[in-house]
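Engineer: make a model of this:
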Amino acid sequence: MKITRRTFLASSAAGAASMLPTVTAEAAIRDDSYATLIDLTRCNGCKDQDSVKCITACRTGNSDKFPNPDPKNIQDYWPQKKHEDWTDKKDLTSRLTPYNWIFVQELNIEGKPVFVPRRCMHCDSPACAKLCPFGVNHKTPQGPVYIDEGLCLGGAKCRAVCPWEIPQRQAGVGIYTNFQSFIPAGGGVMFKCDLCRERLAENKIPYCIESCPKQAMIIGKRIDIFKEAQARAAACGGEIYGMDENGGTSTLYVSAVPFSKIDQAITALNKKGQPRMNKVKNMLAEQSVVTKMSIGAPLIGAIAAFMAVAVNRNREDKK
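Structural biologist: Take a look at the predicted model:
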């Protein structure tokens, strides 16, 4: 079966009404789920080290998960005249990329340095998981939010609904490459921190936390981490970030510097790829976001269904 734009769009339209995607229930947060605490009073950006340890450990430990696209598959997203390719920026560590899942924002606030490690917040009720039209973003009972990279088509809706725009896209990889000449949705694969969920399953801690020389990052059961965050905030007369943001997260920050000032400093950087630390609402509570996603869901669901049929048919034709 030869797949063309005409046959693809015709099949997609015909099946759209009967292939509406459904949002699967994600794992509920429990007191014994994992949560992490990032203490900004302890992080010094590894200025006394030969490298930023959390970044180095993450990149080394997760290198086998990084994308390795065939150059000929890196094409513009039809019908657009653009694509996202980070292959020539694999060594970039000053922001999140498909090859860099944690970085440290270095800020100057009233003449004093503040270092802020940034990665996925692993939200309690993640909009990225709830609204992914392909159903490949998941929240586990242990706490991590992860992307099934083997099934992701790189539609980037997860990034669009993330208040911090955490997931990053790489073109030229994933199952999308089989259909990128005519598919009207997708664009590769989305990548981000998964809190080393495979290590957690083996009772090991994430690479970034294990490597921190200042113990600025810790992990533990949710109820214990929340208590520790409150105790540390009280001790330094500071604040907690992440407890309520986006409906609550599994990543908490403690800082003696008000987060409003930290957010102002981040904004002042005026650089792309710098997640803010402002007060954000729960994206799932924003009716406009849900409505916009729902409008596109029938077509995207049909696309996904047609893709599965087309792949199987092509394989049969080659036998």
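Engineer: residue 109 and residue 52: what is the separation?
Structural biologist: For residue 109, the distance to residue 52 equals 19 Å [CB to CB, to the nearest Å]. C-beta: built from backbone N, CA, C; applies to glycine.
Engineer: so between these two, which is more surrounded?
Structural biologist: For the pair residue 109 and residue 52, the greater number of neighbours falls to residue 52 (23 against 15), based on other CB atoms under 10 Å.
Engineer: tell me the pLDDT of the residue lying closest to the more buried one once chain neighbours are set aside.
Structural biologist: By the measure of CB to CB, 6 or more residues apart in numbering, the closest residue to residue 52 outside its immediate chain neighbours is residue 46, 4.5 Å from it. Among the per-residue scores, residue 46 holds a pLDDT of 98.
Engineer: pull stretch 265-283 out as CSV, backbone CA atoms only.
Structural biologist: C-alpha atoms of stretch 265-283 as CSV (Å, rounded to 0.1, in the frame of the first residue of the first chain):
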residue,chain,number,x,y,z
ALA,A,265,16.0,37.9,37.6
ILE,A,266,15.2,35.1,35.2
THR,A,267,12.9,37.4,33.1
ALA,A,268,15.7,39.9,33.0
LEU,A,269,18.0,37.4,31.4
ASN,A,270,15.8,37.8,28.3
LYS,A,271,17.0,34.5,26.9
LYS,A,272,15.0,31.6,25.3
GLY,A,273,14.8,28.4,27.2
GLN,A,274,14.8,29.9,30.7
PRO,A,275,11.9,28.5,32.7
ARG,A,276,10.3,31.1,35.0
MET,A,277,9.5,30.7,38.7
ASN,A,278,6.3,32.7,38.7
LYS,A,279,3.0,31.7,40.3
VAL,A,280,1.3,29.5,37.7
LYS,A,281,-2.3,28.3,37.7
ASN,A,282,-3.2,24.7,37.1
MET,A,283,-3.2,24.4,33.3
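Engineer: list the buried residues for that stretch?
Structural biologist: 265, 266, 274, 275, 276, 277, 278, 282, 283 (16 or more other CB atoms under 10 Å).
Engineer: for stretch 68-88, same thing?
Structural biologist: Here stretch 68-88 shows 69, 74, 77, 78, 83, 84, 85, 86, 87 as buried, counting by 16+ other CB under 10 Å.
Engineer: what helix or strand is residue 158 on?
Structural biologist: Using DSSP states H and E, the element containing residue 158 is helix 157-161.
Engineer: after that helix, next one along is what?
Structural biologist: strand 168-170.
Engineer: quick check: mean pLDDT across that following strand?
Structural biologist: For strand 168-170, mean pLDDT rounds to 98.
Engineer: can you give me the offset of it from its chain's centre?
Structural biologist: 10 Å (CA atoms, centre = their mean, to the nearest Å).
Engineer: whatever helix or strand comes next after that strand: partners in the sheet, and parallel or antiparallel?
Structural biologist: Following strand 168-170 in sequence order, the next helix or strand is strand 189-191 (DSSP H and E). Strand pairing for strand 189-191, using DSSP bridges, gives strand 168-170 (antiparallel).
Engineer: going by neighbour count, list what's buried in the partner strand.
Structural biologist: Judged by neighbour count (16+ other CB under 10 Å), strand 168-170 contains these buried residues: 168, 169, 170.
Engineer: residue contacts, the second one?
Structural biologist: For residue 169, the contact set (CB atoms under 8 Å, 6 or more residues apart in numbering) comprises 84, 98, 154, 156, 159, 187, 188, 189, 190, 191.
Engineer: the fifth one is in contact with residue 167, isn't it?
Structural biologist: Yes: using CB atoms under 8 Å, residue 159 makes contact with residue 167 at a distance of 4.7 Å.
Engineer: shared neighbours of the two, anything?
Structural biologist: What both residue 159 and residue 167 touch, as defined by CB under 8 Å, 6+ apart, is the set 128, 190.
Engineer: which of the two has more neighbours?
Structural biologist: Neighbours per residue (other CB under 10 Å) separate residue 159 from residue 167, with residue 167 holding more: 27 against 17.
Engineer: for the more buried one, what are its contacts?
Structural biologist: By CB under 8 Å, 6+ apart, residue 167 lies in contact with 120, 128, 147, 156, 158, 159, 190, 191, 192.
Engineer: any idea how far the fifth one lies from residue 146?
Structural biologist: Here the criterion is CB to CB. By it, residue 158 lies 11 Å from residue 146.
Engineer: can you work out which residues contact both of the two?
Structural biologist: Contacts common to residue 158 and residue 146, judged by CB under 8 Å, 6+ apart, are residue 137.
Engineer: since that was my last question, I'll sign off now.
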